[in-house]
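S.K.: this one's structure only:
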Ligand SMILES: NC(=O)c1ccc[n+]([C@@H]2O[C@H](COP(=O)([O-])OP(=O)(O)OC[C@H]3O[C@@H](n4cnc5c(N)ncnc54)[C@H](O)[C@@H]3O)[C@@H](O)[C@H]2O)c1
């Protein structure tokens, strides 16, 4: 089926938060990158994945999609999600690798928590692209969306595993775009700061201090993705100020680190009160 007849979309972690907002937004229609788009944006056909079957079913029911429960954090899980999605959609046009977890604190974080963060937040993207790329490169078209985080461009105080695995996610998204862009692969990398979801609610003192004041709604993240798809833009920054922090980090890393250190001090002071 051609993308003009309704793109086939998969959203992992689509049962709540940002994934649910993306599924809802794309269900109304998917913009095709500048230059190859027809007139309208026909409704997409959406596979809603979640590790929580009830959450996936609820969202799929709401948007007329297909629920596929499964764990995006294991090799077999990703393979099964994609196989089930292909049964519903035929070839997948857009894969939103969105499922992610907040995990751990510092170096004392147990090994198994580091490992799970690595599998869900980073390896999930590698494994999905392994399944998808052969068909996409064959036909010269495919769109891969990685939900990384501003933590993948900057850092997330309070969680080393989250910061490191989100940097890996962003790095992998860049690598994919650089390696396969000329063969028809489109990659978008979503890097929001605080978004009002369960994950932010669970993010502890550092999350509250650093992220809460400027937190946005998941629907704003989905809108930002939609616009980036329309414009064919890799980096999706729903919080525009992240661009300035990213520039500072690249051009005056010492100054940026001193600012982050002051923020860490503030978190500790608030914790001590
Ligand atoms: N909320 C924020 O402030 C924020 C900021 C930047 C990036 N992100 C990223 O956005 C993505 C979505 O997070 P959210 O804020 O919507 O969180 P959320 O907790 O509201 O939703 C995450 C969903 O993913 C599902 N999920 C978790 N692990 C899964 C797995 N292994 N396989 C399949 N589904 C799984 C959960 O059941 C849940 O429905 C994550 O990758 C997160 O790191 C969130």
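M.R.: Perfect, thanks for sending it. Since the model is a prediction, treat every value here as computed from it, not as a measurement.

S.K.: quick one: the residue nearest to residue 51 when sequence neighbours are not counted and the ligand, what's the gap?
M.R.: By the measure of C-beta to C-beta, 6 or more residues apart in numbering, the closest residue to residue 51 outside its immediate chain neighbours is residue 71, 5.3 Å from it. Quick note: C-beta positions are derived from backbone N, CA and C, even for glycine. Between residue 71 and the ligand the distance is 5 Å, computed by C-beta to the nearest ligand atom, to the nearest Å.

S.K.: In a strand, residue 71, correct?
M.R.: No - read with DSSP: H, G, I helix; E, B strand; the rest coil, residue 71 is coil and lies in no strand.

S.K.: Please tell me the pLDDT value assigned to it.
M.R.: Per-residue pLDDT puts residue 71 at 98.

S.K.: Pretty sure it sits against residue 52.
M.R.: No - taking contacts as C-beta atoms under 8 Å, residue 71 lies outside contact range of residue 52: 10.5 Å.

S.K.: Going along the chain, name the strands of the stretch 51-200 of the chain.
M.R.: Secondary structure of the stretch 51-200 of the chain (DSSP state E, counting those that start in this stretch): strands at 66-69, 94-97, 142-147, 185-190.

S.K.: who's more crowded, residue 71 and residue 52?
M.R.: Between residue 71 and residue 52, residue 71 has the larger neighbour count (other C-beta atoms under 10 Å), namely 19 against 12.

S.K.: separation between the more buried one and residue 50?
M.R.: From residue 71 across to residue 50, the span is 10 Å (C-beta to C-beta, to the nearest Å).

S.K.: distance of residue 145 from residue 162?
M.R.: Counting by C-beta to C-beta - residue 145 and residue 162 are separated by 19 Å.

S.K.: just residue 190 next, same as before
M.R.: From residue 190 to residue 162 the distance is 15 Å (C-beta to C-beta).

S.K.: and if you look at residue 178?
M.R.: Residue 178 sits 25 Å away from residue 162, taking C-beta to C-beta as the criterion.
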